[in-house]
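> Give me a 3D structure for the following:
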Amino acid sequence: MTTVLSTTTEHAAPTVPLQPLLHDEVAIIAAPTQAWSGQDGGIGANPVHGYWTGDQRFVSAIHIEISGTEIESIVTVPSSAREAVFSSLLRGLDQAGADPDVRLDRRRSVRIDGVTEQLQITDRHTEPNTVGDPLTVTVRLTPDAANMDAVKAGAGREPVHANTSGMGASWNAGSARIWLDAPGAVTTVDGDDIVLEWEIRRGRTIEVRWDCTIEAPDAVVAGVTTPRPFDAPEGVEDDRLRRWLDRATDDLDALRLARPEGEFLAAGSPWFFTLFGRDSIWAARFLLPVDTSIAGSTLRVLAALQGQKSDPATAEQPGKIMHELRQASLPIDNEEISLPPLYYGTVDATALWICLLHDTWRAGLPDDEVRALLPSLEAALAWMRDYGDADGDGLLEYVDESGRGLANQGWKDSGDSVQWRDGRLADGPIALCEVQGYAYEAAVHGADLLDAFGVDGGADWRAWAQRLAGRFRDTFWVSDSIGSYPAIALDVNKQPVDSATSNIGHLLGTGLLSESEEAVIAARVIAPDMASGYGLRTLSTTAAGYWPLSYHGGSVWTHDTAVVIAGLTRSGHHAAARELAGQLLAAAVAFDFRMPELHAGDAAIDVARPAPYPAACRPQAWSAAAAFPVWIALQH
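Numbering: from 1, shown residues only. Here you go, the predicted structure:
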């Protein structure tokens with residue numbers, strides 16, 4: 001990582017590298033490969049631009065020249081998650097007159113092992129089957145070896161030298177090997193760049209193309225080429241919802257990855273193109289109304305990585321479900337935090353794994369597949385009791401024992417996500433409210449599974465769940481000027497951290513709450529301080545720390561709202577579920593039906609469309625899959 005010094009004035013202060021903004025950029029994906037560019041198809045202006053495989057970039061810039069004329073962008077048309085066409089004009093090649101004569105269509109296609117680009121130049125004044133003056137097409141491509149974590153932290157390129165041979169070239173980026181093929185081109189190397197040059201006689205339509213193929217022998221996840229096992233539901237009358245479901249289904253298909261045990265959904269592009277326990281579980285759970293196969297294979301993949309020993313450096317513990325998997329260690333926040341390649345620092349994924357197993361069984365997962373996972377179920381249940389509740393108070397809490405891991409280990413994992421109503425940050429160990437709901441549901445439904453398959457222990461787990469519910473009821477409830485609600489968490493002193501947050505909505509439908517308590521929460525999550533009109537805010541506007549562009553302190557997360565919608569539906573609060581579902585649908589229209597990870601929490605009465613959170617991932621698995629709980633809610 002480098003610090004860039006500004007030289008615009010004599011006394012200019014150093015500028016710190018910043019995470020790239022993504023909201024205006026175009027992502028084309030076929031996991032584990034992705035290509036990022038500007039709206040015009042250009043690659044190189046934004047630090048995230050380039051061709052990527054997993055966490056490794058292998059091309060960082062591409063510059064195109066066509067006989068010295070300017071290339072003027074007019075439209076970008078995505079064909080699918082895997083392909084887009086960037087259309088431009090070449091007015092320097094026009095004849096006299098107002099109408100444009102020469103068009104350039106740049107088609108970029110991404111597959112799991114590479115990227116192909118095709119340039120098609122169409123000239124309306126050249127008759128078919130005739131040739132005119134020569135055109136020179138020059139493509140200058142910069143090979144690169146930058147890692148994802150460095151680029152996310154604001155670092156620049158890491159050019160590498162390529163070797164040319166005939167009409168192609170090859171180079172290494174980390175452990176990946178890349179081959180470039182450019183039929184008909186003269187290929188040379190100029191400094192760090194590969195230069196491709198075609199001399200072509202002008203015709204009605206002429207085409208050139210180049211292709212990059214990747215081999216990544218050390219990859220910890222693999223791409224998928226099998227047909228997708230899920231489809232968007234048919235017969236959806238609302239055109240907006242139908243378009244969102246179609247786009248979401250296509251994106252989820254392109255996010256499929258595999259381990260030896262089966263397929264799962266990568267968390268999101270660009271930063272999280274890998275296995276995340278919590279994210280992959282929620283995305284698979286959202287998909288259950290149309291598919292159980294992704295959920296079944298996700299359960300097996302995570303079970304294969306289930307913790308076996310206690311290791312503070314990785315946060316591994318027996319029975320624990322992992323947080324994320326990378327090819328190498330991941331520095332975060334200027335290297336103050338460094339996550340190991342296989343990291344277990346999550347307090348909720350284990351309980352959520354149990355919930356997914358139960359729900360997938362109820363949705364039709366074959367008994368033989370469930371039976372094979374019963375040892376993992378018993379280990380996961382034991383983790384909640386023996387390790388999740390580290391101090392024996394009947395609640396699940398977390399603390400980073402390594403000093404190098406995540407300070408907050410719920411889904412809101414940023415450093416300022418657990419704060420008091422007055423804005424002070426809470427000290428850990430932290431017991432999150434929603435995690436108690438997950439744990440209660442996991443214990444009860446885990447007991448149901450044990451009973452159904454003739455395994456002892458169901459009664460003990462139901463009793464454990466009842467003790468947890470009593471402890472929760474005694475300690476979490478607080479109130480403000482609007483009414484009562486559960487605190488986001490208990491802090492190190494077992495005091496309720498009193499800010500009102502979206503976390504409370506995750507308790508709906510878990511069984512932890514009474515009907516009257518669920519009614520209180522159902523009313524609060526659609527109150528104006530929480531519901532923005534474009535989804536549920538992560539933090540109430542009544543809190544001192546509220547800010548609509550705060551990552552976890554006032555923004556709207558698509559999946560978060562969808563979890564609450566699903567809970568409202570399960571608990572019978574259908575009007576409130578429809579209200580929030582309609583708000584997310586309005587946001588989906590504004591984002592052209594590819595929902596981002598999160599967006600700003602500004603009120604819909606004040607803004608005509610939601611502002612993007614400019615560093616949000618897009619597409620992201622649980623944001624795309626959120627379309628399905630919305631669909632279910634709007635049917636009731």
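> OK, contacts around Asp133?
201-202 (CB atoms under 8 Å, 6 or more residues apart in numbering). Heads up, the C-betas are built off the backbone N, CA and C, glycines and all.
> how near is it to Leu90?
According to CB to CB, to the nearest Å, Asp133 stands 13 Å off from Leu90.
> cool, and Ile43?
19 Å.
> Arg103 too?
7 Å.
> Just the C-alpha atoms of the host helix or strand of Val151, please, in CSV.
Following DSSP states H and E, the helix or strand that holds Val151 is helix 148-152. Provided in CSV are the C-alpha atoms of helix 148-152 (Å, rounded to 0.1, in the frame of the first residue of the first chain):
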residue,chain,number,x,y,z
MET,A,148,-8.2,-7.5,-4.4
ASP,A,149,-7.4,-6.5,-0.8
ALA,A,150,-4.8,-3.9,-2.0
VAL,A,151,-7.2,-2.5,-4.6
LYS,A,152,-10.0,-2.2,-2.1
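> What residues sit buried inside it?
148-152 (16 or more other CB atoms under 10 Å).
> cool, stretch 45-58 as well?
Applying 16+ other CB under 10 Å to stretch 45-58 flags 46-58 as buried.
> Would you point out the most distant pair within the residues you listed?
Spatially, the most separated pair among the buried residues of stretch 45-58 is Asn46 and Gly54, at 19.5 Å (CB to CB).
> With adjacent residues omitted, what lies nearest to Leu450?
Gly458 (4.5 Å; CB to CB, 6 or more residues apart in numbering).
> what helices or strands is the helix or strand following the helix holding Val151 leaning on?
Sequence order places strand 163-165 as the next helix or strand after helix 148-152, per DSSP H and E. Here strand 163-165 is seen to pack against strand 168-173, strand 186-190 when contacts are counted using 3 or more CB pairs under 8 Å, 6 or more residues apart in numbering; DSSP states H and E.
> Nearest to Pro32, out of these?
Of those, the one closest to Pro32 (CB to CB) turns out to be strand 168-173, at 13.4 Å.
> before we move on, the earlier item: compare neighbour counts for Arg103 and Leu90 and give me the winner.
Applying other CB atoms under 10 Å to Arg103 and Leu90 shows that Leu90 carries more neighbours, namely 21 against 16.
> Nearest residue to the more buried one in space, please, no chain neighbours.
Leu90 sits nearest to Val102 (CB to CB, 6+ apart), 4.2 Å away.
> now do Asp123
Nearest to Asp123 is Val102, by CB to CB, 6+ apart, at 4.9 Å.
> For that neighbour, the count of nearby residues, please.
Other residues lying near Val102 total 22 when counted by other CB under 10 Å.
> quick one: it and Ser88 touch, right?
No: Val102 lies out of contact with Ser88 (CB atoms under 8 Å); the separation is 9.7 Å.
> Spell out the secondary structure type for Val236.
Three-state call for Val236 (DSSP: H, G, I helix; E, B strand; the rest coil): coil.
> how far away is the residue nearest to Leu90 from Ile337?
As judged by CB to CB, Val102 and Ile337 stand 52 Å apart.
> so what's the backbone phi/psi at Gly423?
Dihedral pair for Gly423: phi 100, psi -10, per degrees, to the nearest 10.
> Verify the contact between it and Ala544 for me.
Yes: contact criterion CB under 8 Å: Gly423 and Ala544 qualify, at 3.8 Å.
> which element follows the helix or strand of the chain with the lowest mean pLDDT toward the C-terminus?
Across the helices and strands of the chain, mean confidence by mean pLDDT, DSSP states H and E is lowest for strand 330-332: a mean of 68. Counting by DSSP H and E, the next helix or strand C-terminal to strand 330-332 is strand 337-339.
> Which strands and helices lie in contact with that next one?
Counting by 3+ CB pairs under 8 Å, 6+ apart, strand 337-339 packs on strand 330-332.
> just curious, which of the buried residues of helix 148-152 is nearest to Glu158?
Ala150 (7.6 Å).
> tell me the pLDDT at that closest one?
Ala150 carries a pLDDT value of 90.
> cool, the one 5 residues further on as well?
Ala155 is assigned a predicted lDDT (pLDDT) of 85.
> Count residues in the vicinity of it, would you?
16.
> likewise Ala603?
Ala603, neighbours per other CB under 10 Å, totals 16.
> before we move on, what about Val520?
16.
> what's near enough to touch it?
Val520 neighbours (CB under 8 Å, 6+ apart): 483-485.
> quick one: buried residues of the helix or strand hosting it?
Following DSSP H and E, the helix or strand that holds Val520 is helix 515-525. Within helix 515-525, the residues scored as buried using 16+ other CB under 10 Å are 517-522, 524-525.
> Also stretch 203-221?
Buried-residue list, stretch 203-221, by 16+ other CB under 10 Å: 203-204, 206-214, 216, 219-221.
> measure Tyr551 to Asn408 for me?
11 Å.
> quick one, which of these two is more surrounded?
Relative neighbour count places Asn408 above the other of Tyr551 and Asn408, with 23 against 20, counting by other CB under 10 Å.
> Assign the more buried one to helix, strand or coil.
Classified using three-state DSSP, Asn408 is coil.
> show me the residues around it that make contact.
398, 414-415, 417-418, 430.
> Show me what Ser165 is bridged to.
Per DSSP bridges, the residues bridged to Ser165 are Gly168.
> So it versus Ser60, what's the distance?
22 Å.
> Which one's more surrounded, these two?
Just comparing Ser165 and Ser60: by other CB under 10 Å the higher neighbour count belongs to Ser60, 27 against 10.
> hmm, back to that, tell me the confidence at the residue nearest to Asp123?
So, for Val102, pLDDT stands at 93.
> Was I right to think Asp149 contacts Asp55?
Yes: in this structure, Asp149 is within contact of Asp55 by CB under 8 Å, at 7.0 Å.
> one step back: could you list every helix and strand in contact with the helix holding Val151?
Using 3+ CB pairs under 8 Å, 6+ apart, helix 148-152 sits against strand 56-66, strand 330-332.
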